[in-house]
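Fold the following and give me the result.
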Amino acid sequence: MKLFIYRLLLKVADSFTDLTRKADGAAQRLLPARQVSLAHCEAQKWQNVRPCFVLSTGRSGTLLLSKLLSLSPHVAVAHQPRPELIRASKLAFEKVKIAPEVFRETFKSAREELLLEVLRHDQIFVETNNRITFFSPIIRDVFPHARFIHLVRHPGDFVRSGIRRGWYSEKHEHDIGRIVPTSQARNLWAAWTLIEKIGWLWNETNLFIEEVKSAVPPDDFLFVKAEDLFADAGITRDIFSFLGTPAPSLNAIAKNLRPENVQKKGDYPPYREWPDEDKQSLHRIAPLMEDYGYV
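Predicted coordinates for the structure are as follows:
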């Protein structure tokens with residue numbers, strides 16, 4: 001009987017939380033938008049916004065994170081905003097340090113109207129699109145109070161997903177925006193296996209993020225493992241705390257902890273079933289995996 005009452009109370013609490021969230025969202029939409037212009041933001045040098053950008057390799061739980069953050073009416077999430085910057089992302093990887101002013105202007109032009117709309121409705125802007133990762137060295141030049149979440153996934157799972165999707169096959173539509181080595185590794189690239197190519201992508205992207213992280217105050221950077229996000233509702237609450245906004249209940253979060261955008265096509269074994277030779281190959285090409293506690 002006690003268990004029945006407990007479950008009933010939880011159900012009522014969840015319903016109340018959901019209704020409260022919807023009411024907050026409806027109320028926010030009814031409120032008159034703040035009278036803010038691009039000219040005003042420019043005069044303020046965008047000191048009046050505090051957006052958050054999720055830096056990742058992609059295929060690391062960004063869609064689930066978007067869904068979880070959307071539980072709050074105080075957060076405006078952009079998972080695949082337009083322009084998505086697919087080709088520009090690769091160019092940023094290659095040249096952002098050489099011509100930062102070009103990428104500053106490109107990024108500001110691509111995102112300023114989105115941030116303006118969010119600011120008018122007094123929300124927090126969060127972008128989970130992995131294409132902005134290679135713009136990260138200049139993001140705080142454009143939006144000085146930007147924060148970052150570094151979302152990382154086990155490289156074995158990432159490689160498996162990339163192989164099943166046909167990355168670096170010259171057939172995937174987004175290969176045009178996928179990075180390749182620009183240094184001496186370029187000469188070895190053609191002979192690498194897909195495990196090595198996609199493992200290199202994982203390691204190189206996270207190395208890039210680590211370099212950006214070293215130049216940002218620790219309080220403005222949050223490291224999250226995708227595996228923890230999938231398994232523990234408390235991680236989502238930590239993310240809301242990092243954003244400085246109230247979190248939904250643990251029950252509301254837990255109800256939404258279902259994997260999103262799960263890969264269904266392609267036949268390739270899970271990492272735990274790989275032969276030792278393939279695992280060793282990944283460890284060689286992606287040494288960061290040990291730093292992150294992946295085996």
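
use CA for all of it now, contacts and neighbours both
Will do.

How about residue 177: what's its closest non-neighbour residue?
Distance criterion Cα to Cα, 6 or more residues apart in numbering; nearest residue to residue 177, sequence neighbours excluded, is residue 87 at 4.4 Å.

didn't that neighbour look like it was pressed against residue 176?
Yes - contact criterion Cα atoms under 8 Å: residue 87 and residue 176 qualify, at 6.5 Å.

still on that earlier bit, backbone dihedrals for the residue nearest to residue 177, please?
Here the main-chain torsion angles of residue 87 (degrees, to the nearest 10) amount to phi -70, psi -40.

show me the residues around it that make contact.
176, 177, 178 (Cα atoms under 8 Å, 6 or more residues apart in numbering).

in the strand or helix carrying residue 200, what's buried?
For residue 200, the host element (DSSP states H and E) is helix 194-213. Neighbour counts over helix 194-213 (16 or more other Cα atoms under 10 Å) mark 194-206, 208-209, 212-213 as buried.

From residue 204, how far out is residue 65?
According to Cα to Cα, to the nearest Å, residue 65 stands 23 Å off from residue 204.

now residue 170
To residue 204, residue 170 is 20 Å away according to Cα to Cα.

next one: residue 215
Relative to residue 204, residue 215 is positioned 18 Å away (Cα to Cα).

Same check on residue 40?
Distance, residue 40 to residue 204, by Cα to Cα: 38 Å.

swap in residue 223?
17 Å.

Equivalent analysis for residue 221, please.
To residue 204, residue 221 is 19 Å away according to Cα to Cα.

Likewise for residue 83?
24 Å.

swap in residue 284?
For residue 284, the distance to residue 204 equals 13 Å [Cα to Cα].

now swap in residue 130 and tell me
Look at residue 130 and residue 204: by Cα to Cα, they are 14 Å apart.

Also residue 243?
Distance from residue 243 to residue 204, counting by Cα to Cα: 27 Å.

Check residue 120 too.
Residue 120 is 37 Å from residue 204, by Cα to Cα.

same check, this time on residue 38
According to Cα to Cα, residue 38 stands 35 Å off from residue 204.

part of a strand, is residue 53?
Yes - under DSSP: H, G, I helix; E, B strand; the rest coil, residue 53 falls within a strand.

My understanding was that it contacts residue 145; is that so?
No - look at residue 53 against residue 145 with Cα under 8 Å: they stay out of range, at 11.1 Å.

Which one's more surrounded, these two?
Each of residue 53 and residue 145 has its neighbours counted (other Cα atoms under 10 Å); residue 53 has more, 23 against 16.
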